[in-house]
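Peer 1: Take this sequence and fold it.
(chains A and B)
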Number of protein chains: 2
Amino acid sequence: MDKKMNVTPWEVSGKIDYDKLIREFGIKPITNLPQAFMGNILFRRKIVFAHRDFEKIIDSIKNKKPFVMMTGLMPTGKFHLGHMILALQMAFYQKLGAKIYIAVADLEAYNARQKSLEELRKNAVDQYLLNYAALGLDLSKCDIYFQSDRSSNAKKSSAYYRLASNFSRYATFNEFKAIYGEITPGKMNASLLQAADMYHPQLPEFEDSIPTFIPVGIDQDPHIRIARDMANRDKDYKFIPIASTYHIFLPGLKGGGKMSSSDENSFIAMTDSQKEVEQKIRKYAFSGGKDTIEEHRKKGGNPDVDVSFQYLKMFFEPDDEKLRKIENDYRSGKLLTSELKEYLIKKINSFLSEHQKKRDLAKKQIEKFVFKA
Amino acid sequence: MDKKMNVTPWEVSGKIDYDKLIREFGIKPITNLPQAFMGNILFRRKIVFAHRDFEKIIDSIKNKKPFVMMTGLMPTGKFHLGHMILALQMAFYQKLGAKIYIAVADLEAYNARQKSLEELRKNAVDQYLLNYAALGLDLSKCDIYFQSDRSSNAKKSSAYYRLASNFSRYATFNEFKAIYGEITPGKMNASLLQAADMYHPQLPEFEDSIPTFIPVGIDQDPHIRIARDMANRDKDYKFIPIASTYHIFLPGLKGGGKMSSSDENSFIAMTDSQKEVEQKIRKYAFSGGKDTIEEHRKKGGNPDVDVSFQYLKMFFEPDDEKLRKIENDYRSGKLLTSELKEYLIKKINSFLSEHQKKRDLAKKQIEKFVFKA
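Peer 2: Now for the predicted structure:
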């Protein structure tokens, strides 16, 4: 029997029922995207599958009006394939005209963990920003900042921190508790800062009134709901409620849940060697195939739960025709698990070898153009 | 029977037993001040009567080492005689070499009340800063700032707000509740900012490690205790525990408690006219005299509870000889309440007329030198 589904910012487990999440969270399936989105497999294959208030962002894109894509990163752990879903969207929306804001949640990470701000900042650059750049994001056009040091412009800095304080006036302990369970002053502070992250692009010191949206994994929705609630009650500003899109989870190597930095053998990191990729996929990648070749040939495999197939679908086989053939062959038993895995290994390693070159290039340029805002 | 003593940041009532407060709050009586303090009646007459860790400030003064006097103002209501105790100390310590930091608690006031930040800022300048200047404080040498906009230097701004966030990591809800009773996110945020106000002068972005003290009315001690507790647990910085001095309350006109902005007839404002002073003292000033002239002549009055005498003692009769004569004459019945009141009225009005001239002068200069930090 499947474990009961649990999807919160702190735990993702059980068999994920995305339709049920859509109903529970009060969000909507994504439909009728403009043609520009159909070239991107994340949208064409409904990896990004739901939204809240995304219509106004679509309007901005259609009418070539300014809009902001806001995102944040927790500067701990290694950047892995799971993070790529977001990074690819960042590059995509930037090309569509979005101003990209990236909050490095160093204060939140610092309050929660035992690392110094310096270590966290270094990790943000080495693991996250370099990979964003290698995945096509032009960092020089982004507003990238640390929560601990918002801007080199004091008016902007104060406006940002003032907003976090202001939200405290409109927050209640009960709503924090409803979302965070056991709440501490540190967690509350982090939540207020996070709401300021989401809404400060709309301040006059930044972009002024501007449609803003946040692409997230669906487990992150509680953070967005609490920020929307505070901003909605806040009579001191006239905020446009923040919009959001939701993507499904990239399953961890062992299947189920999501790829997680806390389990080395659940993820493939961007810095993994060809050898490591081979070993991880061969050893850990959960298979939808049958136990014996004979049985597999007879009954076929199940691509819907096969991790290797999912990785091909989400990133590594952009050709819809080829993907359909792989799916059909796997389902019919013509394609064996070992063959599917070798195909994926080749795809990932070819991608990573290219990616690592781009990463090295980015390294040479990064110091110049980050954190100048 | 006297009402039970209640001394908290939110209420001061009953007969104040300062010795008991010293024991309850774990502070010490002030003794052995250097000679320089004896020229100031606030110290000579023990209006400033207790302290915590003030020895290191005395050391700094004696050895001409740098030190900070930190204070804050709530930018609501009118500046009245009660505020003068603090303002006179600011001017005094500045001449002794203190760097003066003044936090305008506009975010705290804003979170608690229904005024705009603009109104609060205007009130801070019109009511507080102008009067500080008229009372001898050189504003151009002070670091005066709004909580909502710490500095025009972004490094400084971020360091200040980062400290408030950092303290949230070392705070517990239980200690907030112990001090504030019903705690809200807004109150907690204000308390964290206030702790940052007290400790940020010690940050490398400001004065770096430097002895800092706060002169307060004794009802404010809970704020200092909670900030000291957080700073003490905070392993990310090596703070010198903040020192403090405590002054007694200037009684309200009607006697008891303290002069309070919320009751027009309890205070004399710096902007009151000569006529208003006359009327307020004659009508409201609580008297330690007897009900009839005959009885007063026979039994004498009680200067210890007489509000007019207390005002002379705290501000308006700096001559110890004259004050002693007034005290003796009043106690013996030679001096009548009406005579004492008229003497005080003359003293206050002569002081205020001089003060209001200085205030007008300050007005012309103030825009130049405040809020440049």
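
Peer 1: Quick one: low-confidence residue ranges for the stretch 251-373 of chain A.
Peer 2: A:367-373 (pLDDT under 70).

Peer 1: The same query, at a cut-off of 80, please.
Peer 2: Counting by pLDDT under 80, the stretch 251-373 of chain A contains low-confidence residues at A:256-257, A:365, A:367-373.

Peer 1: And the pLDDT for residue A:6?
Peer 2: We note a pLDDT of 88 for residue A:6 in this prediction.

Peer 1: Stretch A:260-267: which residues count as buried?
Peer 2: Applying a neighbour-count criterion of 16 or more other C-beta atoms under 10 Å in any protein chain shown, one finds A:260-261, A:266-267 buried in stretch A:260-267. In this view, the C-beta of every residue, glycine as well, is placed from N, C-alpha and C.

Peer 1: can you tell me which of the residues you listed are up against chain B?
Peer 2: Near chain B, judged by C-beta under 8 Å from any C-beta of the partner chain, there are no entries from the buried residues of stretch A:260-267.

Peer 1: Dump these into JSON lines; add distance to residue A:325 and secondary structure as well.
Peer 2: What follows is the buried residues of stretch A:260-267, written out as JSON lines (distance: C-beta to C-beta, whole Å; DSSP: H, G, I helix; E, B strand; the rest coil):
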{"residue": "A:260", "distance to residue A:325": "31", "secondary structure": "coil"}
{"residue": "A:261", "distance to residue A:325": "34", "secondary structure": "coil"}
{"residue": "A:266", "distance to residue A:325": "29", "secondary structure": "helix"}
{"residue": "A:267", "distance to residue A:325": "28", "secondary structure": "coil"}
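
Peer 1: Just flag the most distant two among those.
Peer 2: Of all pairs drawn from the buried residues of stretch A:260-267, the greatest distance, 8.5 Å, lies between A:261 and A:266 (C-beta to C-beta).

Peer 1: Of the buried residues of stretch A:260-267, which is the nearest to chain B?
Peer 2: Minimum separation from chain B among these (C-beta to the nearest C-beta) is found for residue A:261, which lies at 21.9 Å.

Peer 1: got a list of what that closest one touches?
Peer 2: When contacts are counted by C-beta atoms under 8 Å, 6 or more residues apart in numbering or on different chains, residue A:261 is found next to A:76-78, A:80, A:267.

Peer 1: List the buried residues in stretch A:329-337.
Peer 2: A:329-331, A:333, A:335-337.

Peer 1: Only the C-alpha atoms, please, for that stretch, written as PDB.
Peer 2: Coordinates of each C-alpha in stretch A:329-337 appear next as PDB, following Å, rounded to 0.1, in the frame of the first residue of the first chain:
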ATOM      1  CA  ASP A 329       9.100   0.400 -26.100                       C
ATOM      2  CA  TYR A 330       9.500   0.300 -22.400                       C
ATOM      3  CA  ARG A 331       5.800  -0.300 -21.800                       C
ATOM      4  CA  SER A 332       5.800  -3.100 -24.300                       C
ATOM      5  CA  GLY A 333       8.900  -4.800 -22.900                       C
ATOM      6  CA  LYS A 334      11.000  -4.200 -26.000                       C
ATOM      7  CA  LEU A 335      13.300  -1.800 -24.100                       C
ATOM      8  CA  LEU A 336      15.000  -3.300 -21.000                       C
ATOM      9  CA  THR A 337      15.700  -1.300 -17.800                       C
END
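
Peer 1: quick one, longest helix in chain A?
Peer 2: For chain A, the helix reaching the highest residue count under DSSP state H is reported as helix A:337-369.

Peer 1: which helices and strands does that helix pack with?
Peer 2: The elements that helix A:337-369 packs onto, with contact taken as 3 or more C-beta pairs under 8 Å, 6 or more residues apart in numbering or on different chains; DSSP states H and E, are helix A:130-134, helix A:274-284, helix A:307-311, helix A:320-332.

Peer 1: That helix vs helix A:274-284, what angle?
Peer 2: 140 degrees (axes from the mean of the first three to the mean of the last three C-alpha atoms, to 10 degrees).

Peer 1: Report the buried residues of helix A:337-369.
Peer 2: Under the neighbour-count criterion of 16+ other C-beta under 10 Å, helix A:337-369 has A:337, A:340-341, A:343-345, A:347-349, A:351-352, A:355-356, A:359, A:362, A:366 buried.

Peer 1: Which one of those residues is nearest to chain B?
Peer 2: The shortest separation between chain B and any of the buried residues of helix A:337-369 is 21.2 Å, and it belongs to residue A:366 (by C-beta to the nearest C-beta).

Peer 1: Who are the contact partners of the closest one?
Peer 2: Contact criterion C-beta under 8 Å, 6+ apart gives A:125, A:129-130, A:133, A:139 as the residues in contact with residue A:366.

Peer 1: re the thing from before, of all the helices and strands packed on helix A:337-369, which one is nearest chain B?
Peer 2: Evaluated with C-beta to the nearest C-beta, those place helix A:130-134 nearest to chain B, the distance being 23.1 Å.

Peer 1: by contact count, what packs against that closest one?
Peer 2: helix A:81-95, helix A:337-369.

Peer 1: so what's residue A:232 up against?
Peer 2: Counting by C-beta under 8 Å, 6+ apart, residue A:232 touches A:239, A:241.

Peer 1: make it 7 Å
Peer 2: In this structure, residue A:232 makes contact with residue A:241, judged by C-beta atoms under 7 Å, 6 or more residues apart in numbering or on different chains.

Peer 1: How is it assigned, secondary-structure-wise?
Peer 2: Judged by DSSP: H, G, I helix; E, B strand; the rest coil, the three-state class of residue A:232 is helix.

Peer 1: For chain B, see how far away residue A:28 is.
Peer 2: Distance of residue A:28 to chain B, given as C-beta to the nearest C-beta, to the nearest Å: 30 Å.

Peer 1: What is the burial count for that residue?
Peer 2: Other residues within reach of residue A:28 by the criterion other C-beta atoms under 10 Å in any protein chain shown amount to 14.

Peer 1: Kindly state the beta-bridge partners for it.
Peer 2: Partner residues in beta bridges with residue A:28, using DSSP bridges, are residue A:51.

Peer 1: quick one: contacts for it?
Peer 2: Residue A:28 is in contact with A:50-52, counting by C-beta under 7 Å, 6+ apart.

Peer 1: Name the nearest of these relative to chain B.
Peer 2: Comparing every one of the contacts of residue A:28 with chain B (C-beta to the nearest C-beta), the shortest separation belongs to residue A:52, at 24.1 Å.

Peer 1: hang on, that closest one packs against residue A:30?
Peer 2: No: with the criterion set as C-beta atoms under 7 Å, residue A:52 and residue A:30 do not qualify as a contacting pair; they are 10.5 Å apart.

Peer 1: Specify the local secondary structure of residue A:157.
Peer 2: Per three-state DSSP, residue A:157 ends up helix.

Peer 1: how close does the most far-flung residue of chain A relative to its centre sit to chain B?
Peer 2: For chain A, the C-alpha lying farthest from the average C-alpha position belongs to residue A:294; by C-alpha atoms, centre = their mean, that distance is 39.6 Å. Separation of residue A:294 from chain B (C-beta to the nearest C-beta) stands at 59 Å.
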